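> Any chance you could fold what I've pasted below:
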Amino acid sequence: MPFRSRGRFRPPSRSGALPSYDFSTLTAGAASLPAGLVLTRASANGSVQIGTSQVATGIAADVARAGRRLDADPIGLVIEEARTNLVTQARSMAAGSGWAVGTASTATANATPSPDGSTNAWRQVSTAAQYGNYFTRNASDGLVQVSEWGRATSAPFTCRTQIGAGVDIALTLAWQRFVASHTAAGLYFITPQNASGSAPTQDGLWDLFQIEVGAFATEWTPQSSTRAADRLVCTLPVANAGRLSLDVTLQPKGARSVYAADPYLVYLDASNYVQLLTATGYIKCAVGGVTYTTPIGVTFAAYDTVKLRVEVGANASTLVTSQVNSDPTVLLSTGTPTALGNWPVGNVDLFGNAGSNVLSAWVRALSFDTNQGEWV
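Sure thing, here's the model as predicted:
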């Protein structure tokens, strides 16, 4: 039957026969996943932000990461695409390996506990109208995200982080992560603490520097190394009588339109998947090689709370809805959606396809059910 574009979504009843996951209950940092989920990431020494002022580092390969950007956010399972940290000394401001000494300033190693509780922070003291140690890179990297962790030593102050043009940042007595975008077309400088044109003396603490190519920032990774993409696989049956029905709640790391490749929500094989088309926000569903794409798209910004409901297969009408933050639920599959065939049984990739087309996000919840919802 056709679905009306206006109305409300009546959710189906839950069944215990299919998997359901609440990732907000995970322990922050290195996390153990429940039965039925397998995460792989072919790189060690991973990290994850676990609160406004804290980071967990040293997370082993193939271990899930659970974290949040702010203390007020729920914990989420972190899924990220591969990224490389282009800084050659990511926890040191000492001269060498791209770093140079500033003017009328001092930089001291191991000055205080870092955001991860270690003693790797650097203390930078810059006198008025001068600048601290800086990192130089000469490459046409394109759009990059530059991030650093900073805090004031004894009294809050505002300084200028120089990344191409200057960016004013306010340091408090608590650690914060600062992120700025820059389009690099050759030589550029990263000066964490620039006191040029200001007074009095500035006394700050710095750690965890990162430059990464991309339109949004991801978790910190050690210097000159690549963090492999996370791959999450569900090994339990996720369909009932040929119908795939799922609900997902997540917080994306970037705005919808800036993901480099159209990410998958669910991927079984090239003929069976659910995919987000980032240019339009349409949801593309494929079952047995036959596809249906919603005529209405979902729009979201970085850090929004996004809820998606997708039902496909079993020769019944496709149903797709979305909700962003506290806005009303929107029916994306308006008109007369295509009835697709039976969804096959098999392990599925979630939020990507074997490490490609990854939806970088904090995933809060994921559940599958057996009954059809209804738009009334």
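
> burial count for the residue nearest to Leu236 when sequence neighbours are not counted?
Among residues not flanking Leu236 along the chain, Gly36 sits closest, at 3.9 Å (C-beta to C-beta, 6 or more residues apart in numbering). Heads up, the C-betas are built off the backbone N, CA and C, glycines and all. Gly36 has 16 neighbours, counted by other C-beta atoms under 10 Å.

> List phi and psi for Gly36.
In terms of degrees, to the nearest 10, the main-chain angles of Gly36 are phi 100, psi -10.

> check contacts around it.
Shown in contact with Gly36 (C-beta atoms under 8 Å, 6 or more residues apart in numbering): Pro19, Cys234, Thr235, Leu236.

> Lys307 now?
By C-beta under 8 Å, 6+ apart, the contact set of Lys307 is Asp247, Val248, Thr249, Ser322, Gln323, Val324, Thr329.

> Looking at those, which are in strands?
When DSSP state E defines the strands, the subset of these inside them is Asp247, Val248, Thr249, Ser322, Gln323, Val324.

> Nearest to Leu26 among the contacts of Lys307?
Thr249 (13.9 Å; C-beta to C-beta).

> Any chance of JSON lines for the ones in strands among the contacts of Lys307, columns pLDDT, neighbour count and distance to Ala28?
Formatted as JSON lines, those follow (pLDDT from 0 to 100; neighbours: other C-beta atoms under 10 Å; distance: C-beta to C-beta, whole Å):
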{"residue": "Asp247", "pLDDT": "97", "neighbour count": "20", "distance to Ala28": "24"}
{"residue": "Val248", "pLDDT": "98", "neighbour count": "23", "distance to Ala28": "21"}
{"residue": "Thr249", "pLDDT": "98", "neighbour count": "20", "distance to Ala28": "18"}
{"residue": "Ser322", "pLDDT": "98", "neighbour count": "22", "distance to Ala28": "28"}
{"residue": "Gln323", "pLDDT": "98", "neighbour count": "17", "distance to Ala28": "26"}
{"residue": "Val324", "pLDDT": "98", "neighbour count": "18", "distance to Ala28": "25"}
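
> Looking at those residues, which is nearest Tyr134?
The nearest member of these to Tyr134, counting by C-beta to C-beta, is Val324 at 39.6 Å.

> Surely that closest one is in contact with Thr299?
Yes. Contact criterion C-beta atoms under 8 Å: Val324 and Thr299 qualify, at 7.2 Å.

> In the stretch 251-376 of the chain, where is pLDDT below threshold?
Within the stretch 251-376 of the chain, the ranges that satisfy pLDDT under 70 run 371-376.

> before we move on, the earlier item: quick one: the ones in strands among the contacts of Lys307 as TSV, columns for distance to Thr108 too.
Output for those, formatted as TSV (distance: C-beta to C-beta, whole Å):
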residue	distance to Thr108
Asp247	51
Val248	46
Thr249	44
Ser322	50
Gln323	50
Val324	46
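
> Quick check: nearest residue in space to Asp349, chain neighbours excluded?
Leaving out its chain neighbours, the residue that sits closest to Asp349 by C-beta to C-beta, 6+ apart is Tyr267, at 4.3 Å.

> list the contacts for Pro337?
Phe3, Tyr292, Thr294, Ser317, Thr318, Leu319, Val320.

> you'd agree it is in a helix?
No. Going by DSSP: H, G, I helix; E, B strand; the rest coil, the assignment for Pro337 is coil, not a helix.

> what's the distance between it and Gly313?
12 Å (C-beta to C-beta, to the nearest Å).

> what do you get for Ala111?
Here Ala111 is placed at a distance of 58 Å from Gly313 (C-beta to C-beta).

> Neighbour count: the two, which is higher?
A direct count of neighbours by other C-beta under 10 Å for Ala111 and Gly313 places Gly313 higher, at 23 against 19.

> ok, the nearest residue to that one once chain neighbours are set aside - contacts?
Once flanking residues are discounted, Gly313 sits nearest to Trp343: 3.8 Å by C-beta to C-beta, 6+ apart. Shown in contact with Trp343 (C-beta under 8 Å, 6+ apart): Ala239, Gly242, Arg243, Leu244, Leu268, Asn272, Val287, Val312, Gly313, Ala314.

> Tell me which two of those residues sit farthest apart.
Leu268 and Ala314 (15.1 Å).

> Could you export the contacts of Lys307 to JSON lines, including columns for distance to Asn45?
Below are those laid out as JSON lines (distance: C-beta to C-beta, whole Å):
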{"residue": "Asp247", "distance to Asn45": "34"}
{"residue": "Val248", "distance to Asn45": "29"}
{"residue": "Thr249", "distance to Asn45": "29"}
{"residue": "Ser322", "distance to Asn45": "36"}
{"residue": "Gln323", "distance to Asn45": "37"}
{"residue": "Val324", "distance to Asn45": "35"}
{"residue": "Thr329", "distance to Asn45": "41"}
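
> just curious, which of those residues is nearest to Asn120?
So of these, ranked by how close each gets to Asn120 (C-beta to C-beta), first place is Thr249, at 34.8 Å.

> looking at it, that closest one is touching Arg364, isn't it?
Yes. Using C-beta under 8 Å, Thr249 is in contact with Arg364, at 4.4 Å.

> Skipping its backbone neighbours, what lies nearest Leu33 in space?
Of all residues not flanking Leu33 in the chain, Ala64 sits nearest, at 5.1 Å (C-beta to C-beta, 6+ apart).

> can I see the domain layout of the protein?
With domains defined by automatic domain parsing, the chain comprises 9-81+229-375, 85-226.

> Quick check on the contacts of Trp343: which are buried?
Neighbour counting over the contacts of Trp343 (16 or more other C-beta atoms under 10 Å) leaves Ala239, Gly242, Arg243, Leu244, Leu268, Asn272, Val287, Val312, Gly313, Ala314 as the buried ones.
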